[in-house]
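> any chance you could fold what I've pasted below:
(one chain, ligands or ions: 2)
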Amino acid sequence: MATTQRIKQILTAGQPGENLTIQGWVRTKRASKKFTFIEVNDGSSMNGLQVIASEDIPDYAAQMERIGTGASVEISGQLAESPGKGQRVELQAETIEVFGESDGETYPLQKKRHSFEFLRSIGHLRSRTNTLGAVFRVRDACAKAIHEFFSDRDFLWMHTPILTASDCEGAGEMFTVTRFNLDSIPTDAAGKADYSQDFFGKPAYLTVSGQLEAEIMAMAFSNVYTFGPTFRAENSNTARHLAEFWMVEPEMAFCNLEGNMDLAEAFLKHVFTRVLETCADDMAFFNKRIDDTVLATANNIINSDFERITYTEAIRLLTKAIDSGDKTFEYPVSWGIDLQSEHERYLAEELFKKPVIVTDYPAEIKAFYMRLNDDGKTVAAMDVLAPRIGEIIGGAQREERLDVLERRIEAASLPKEDYWWYLDLRRYGTVPHAGFGLGFERLVQFMTGMANIRDVIPFPRTPDNLDF
Ligand code: 4AD
Ligand code: MG
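Numbering: from 1, shown residues only. Ligands and ions are numbered 1, 2, ... in the order given. Alright, predicted model coming up:
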């Protein structure tokens, strides 16, 4: 096969007169009498390259017959200045090889705009559209910016397991993993499933978070992060929840809540800055076609200091908004409630108009591992709330005191024996430490303005959806 150039490269740097070869998929085909205009896209950028095939090319009529939208082609020719609007250069085809034909009549992606809902039903083809193409390029740029951020700061990237025996969040939202034949599960004397006969000899699950293992590694390397898939069996059919999502979790030894907040803020600023640089065209597209606040939001993240308030203050502000008649909420507000998405969005979107970090939540509504504050009622938790999205990051300073942690595990009715190694970290060389988890898809949603989280992950897993 000929050496090819990526279309992105050609569009920005290609010179008229250059001979080159491209490979890609036909987006549109428009025939006039003696020419056919073919737009070819190879996924490297939003814009494709305009190709002009004249009747001089070998087998013109038959070739044009074979090329429908969606067909895969290799085209060689000479680059020329484009007389038409919309592109600087175009390719005058000399030879066209068709790898795979496509019947433009039945091809599910037609030139009109399709709903995102329809596109989800053709998950194997939707990445070939402008919007999903832009989303997945931005997703890639976010991931690279994240690794760059941590690498610059000397964090070690650690891979934490997907199969686990412990419930990090203690919320019981885990998917069970088993080798049992579900039609004949071995039982014990009490008639309950006998997990000693299962693959691991005990119940096993898909992890909800890599945090507990990240803490182990932070106790050896000081600063680490994990970036991997996590799973939640919560049955929330919302535009912000997935059953399988990716999480970025830094964990830092010798760090308190304030250092944790500082890192979270610097982290988001870095990722937004980088993506604006590397995906300028895609970001401009989102701003124009998806949500006209995308660029303003990105600049707001980069340039504003995040608001930092305590949970108690947040409840006061929400109560004030209700009492003054400024705002009504579906869910009632009082000290002790878990903040609902509508509350989070009010704070970030309407009141402060920028990200808000809420700290020191009531111990009762947060996970067992969060450090108990001196008031005995609240824990050193932090949630970063973003306009439009609500909670995008959840984190905490961890409980490093053995006796307090034991009490918290008991209070949460968790089986203490399962956490023996986690408690051991507090027996041998414990240190103040902190970390957080960023929902990667929520970040991509926030970045692109996409309304539904299912449209920012290539293959979404949600209740009743497991295709592709
Ligand atoms: O707040 P969460 O549950 O925190 C943890 O799991 C901690 N162990 C993280 C840590 O401290 N290392 O989840 C973290 C983030 C949330 O803020 C949210 O952005 C995202 O993960 N998230 C989800 N994203 C998509 N679909 C879901 N079902 C999600 N649940 C949480
Ligand atoms: Mg949370």
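
> burial count for the nearest residue to residue 378 once chain neighbours are set aside?
Once flanking residues are discounted, residue 378 sits nearest to residue 360: 4.4 Å by C-beta to C-beta, 6 or more residues apart in numbering. Glycine gets a C-beta too; all of them are placed from N, C-alpha and C. Residues contacting residue 360 under the criterion other C-beta atoms under 10 Å number 22.

> pLDDT value on the residue located most distally from the centre of the chain, please?
Ranked by distance from the centre of the chain (C-alpha atoms, centre = their mean), the top residue is residue 56, with 47.8 Å. The per-residue pLDDT reported for residue 56 equals 91.

> please confirm that it is located within a helix.
No. Residue assignment for residue 56, taken from DSSP: H, G, I helix; E, B strand; the rest coil, gives coil, which places it outside any helix.

> begin at 48 from here
Shifting the count to begin at 48 puts that one at residue 103.

> where does pLDDT dip in the stretch 48-197 of the chain?
For the stretch 48-197 of the chain, the stretches flagged by pLDDT under 70 are 48-49.

> mind listing what the residue nearest to residue 425 touches?
With C-beta atoms under 8 Å, 6 or more residues apart in numbering as the criterion, the residues that contact residue 407 are 357-359, 420, 425-428.

> can you tell me the SS state at it?
Per three-state DSSP, the local secondary structure of residue 407 is strand.

> picking that back up, any of the contacts of residue 407 buried? List them.
For those, burial is judged from neighbour counts taken by 16 or more other C-beta atoms under 10 Å, and it is met by 358-359, 420, 425-428.

> keep only those of these that are in strands.
425-428 (DSSP state E).

> how about CSV for these, with pLDDT and distance to ligand 1 added?
Below are those laid out as CSV (pLDDT from 0 to 100; distance: C-beta to the nearest ligand atom, whole Å):
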residue, pLDDT, distance to ligand 1
425, 98, 17
426, 98, 12
427, 98, 12
428, 98, 9
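
> state the mean pLDDT of whichever strand or helix holds residue 305.
If you go by DSSP states H and E, residue 305 is part of helix 304-325. Averaging the model's pLDDT scores along helix 304-325 yields 98.

> I'd like to know which elements it is packed against.
In this structure, helix 304-325 makes packing contacts with helix 177-199, strand 291-300, helix 341-350, strand 403-409, strand 425-433, strand 437-444, strand 480-486, helix 487-495, judged by 3 or more C-beta pairs under 8 Å, 6 or more residues apart in numbering; DSSP states H and E.

> now these as TSV including distance to residue 502?
Converted to TSV, the helices and strands packed on helix 304-325 look like this (distance: least, C-beta to C-beta, whole Å):
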stretch	distance to residue 502
helix 177-199	6
strand 291-300	13
helix 341-350	14
strand 403-409	26
strand 425-433	17
strand 437-444	17
strand 480-486	15
helix 487-495	8
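
> chain neighbours aside, what residue packs nearest to residue 449?
Among residues not flanking residue 449 along the chain, residue 473 sits closest, at 4.0 Å (C-beta to C-beta, 6+ apart).

> I'd say that neighbour and residue 455 touch.
No. Because the distance of 11.4 Å does not satisfy C-beta atoms under 8 Å, residue 473 is recorded as not touching residue 455.

> which one's more surrounded, those two?
Set side by side, residue 473 and residue 455 give different neighbour counts by other C-beta under 10 Å, the larger being at residue 455 (22 against 19).

> for this structure, which residues are neighbours of ligand 1?
For the chain, the residues found near ligand 1 under the criterion C-beta under 6 Å from any ligand atom are 215-216, 256, 258, 279, 281, 288-289, 292, 294, 296, 438-443, 482-484, 486, 488-489.

> drop anything exposed from those residues.
Burial by neighbour count, 16+ other C-beta under 10 Å: within the residues of the chain next to ligand 1 this picks out 215-216, 256, 258, 279, 288-289, 292, 294, 296, 438-443, 482-484, 486, 488-489.
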